[in-house]
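Chemist: Just the structure for this:
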Amino acid sequence: MDYKVEKVTLDNNNPGVIVTLSKYGNEISITLATRSEGARDILFDKLNSNECRELFLSDDNDLTQLLNDISDSFGE
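Modeler: Modelled structure (predicted):
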């Protein structure tokens, strides 16, 4: 079964984004740290888009690829 992106929230204590994923009915949350609030807002918008919200992640490689794609979109 795949991971499903359940929700994306802002980390109020740090410039980061908290992504909640579910698999087999169990939820896990990961925090993606950013260097600035501006980068955090861009990341939040990208992850909160319909394209990502409906994304299913089969394994850790898919999650790594998603994060790489997002990182690439920052033009680094």
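Chemist: What are the boundaries of the strands in this protein?
Modeler: If you assign secondary structure with DSSP state E, the strands in the chain sit at 3-11, 16-23, 26-33, 56-57.
Chemist: partners of the second one, with directions?
Modeler: Right, strand 16-23. In the sheet, strand 16-23 lines up against strand 3-11 (antiparallel), strand 26-33 (antiparallel) (DSSP bridges).
Chemist: thinking I28 is in contact with K7, fair?
Modeler: No - using C-beta atoms under 8 Å, I28 is not in contact with K7, being 12.0 Å away. (Each C-beta comes from the backbone N, C-alpha and C, glycine too.)
Chemist: Quickly list what's touching both of these two.
Modeler: Common contacts of I28 and K7, defined by C-beta atoms under 8 Å, 6 or more residues apart in numbering, comprise T20.
Chemist: Pick out whichever of the two has more residues nearby.
Modeler: K7 (14 against 11; other C-beta atoms under 10 Å).
Chemist: If we ignore the residues flanking it in sequence, what's nearest that one?
Modeler: For K7, ignoring the flanking residues on the chain, the nearest one in space by C-beta to C-beta, 6 or more residues apart in numbering is T20 at 4.7 Å.
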